[in-house]
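A.B. asks: Sequence first, then the predicted structure:
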Amino acid sequence: MHKIIKKNFYDRAVGCLNGWSMKSVIVLLGILCIADVGTCLRLDSSICSPGSEIAYYAKGQLKSCTLENDQEFNGVRCKQAALTEFHENGKLKSCTTRKYFQSGAITCNQFSQVSFYATGRLYSCDLANQITIAGKICAQLKPIFLFENGKLKSCSMPD
């Protein structure tokens with residue numbers, strides 16, 4: 001009886017993947033993970049410097065800590081030994097960048113604070129170079145703030 005049940009289960013499982021190679025299945029799973037990294041990679045305190053203050057949300061998700069090593073989150077390379085914050089959904093809220101970060105036409109400066117909305121859209125950063133947005137000139141090395149839809153909220157004019 002057990003052999004028949006096991007065989008039927010195996011036949012049905014293999015039938016679902018009929019025509020799919022193992023490589024195709026792995027590629028598909030990889031694409032699904034990339035599309036929703038927060039679900040596939042659960043953030044935990046292992047990224048934090050030992051002995052640093054670690055904060056959690058009420059449901060146990062990592063809220064903030066000082067990074068032990070440089071880490072990349074949502075395409076942003078965050079600097080070690082700097083406070084990094086996350087939204088409840090696991091997406092990056094803010095960190096100090098290690099490298100320049102590009103978001104559309106905006107280039108955020110390296111070694112500066114960058115902040116994001118819970119959707120992952122850029123909220124603020126220090127500009128790496130001067131830029132004109134919606135007819136307003138925004139100064140290099142000064143902060144820029146955006147609405148969640150990407151439109152300019154405010155920036156500093158050049159001197």
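C.D. replies: Structure received. Numbering: from 1, shown residues only.
A.B. asks: hey, let's count contacts and neighbours off CA atoms from now on
C.D. replies: Will do.
A.B. asks: what distance separates the start and the end of stretch 57-65?
C.D. replies: For stretch 57-65, the separation between the terminal residues is 12 Å (CA to CA, to the nearest Å).
A.B. asks: Can you list the buried residues in it?
C.D. replies: Of the residues in stretch 57-65, those buried under the neighbour-count criterion (16 or more other CA atoms under 10 Å) are 61-65.
A.B. asks: got the domain boundaries for this protein?
C.D. replies: The record assigns the chain these domain ranges, following automatic domain parsing: 2-35, 43-155.
A.B. asks: tell me the most buried of the ones you listed?
C.D. replies: Mean neighbour counts were taken over the domains of the chain using mean count of other CA atoms under 10 Å, and the top value, a mean of 17, falls to domain 43-155.
A.B. asks: How far away from the center of its chain is that domain?
C.D. replies: Put simply, domain 43-155 sits 9 Å off its chain's centre (CA atoms, centre = their mean, to the nearest Å).
A.B. asks: circling back to that earlier point, tabulate the domains of the chain (CSV), appending mean pLDDT.
C.D. replies: Shown next, in CSV, are the domains of the chain (pLDDT from 0 to 100):
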stretch, mean pLDDT
domain 2-35, 47
domain 43-155, 96
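A.B. asks: any idea how far A105 is from A134?
C.D. replies: Distance of A134 to A105, given as CA to CA: 12 Å.
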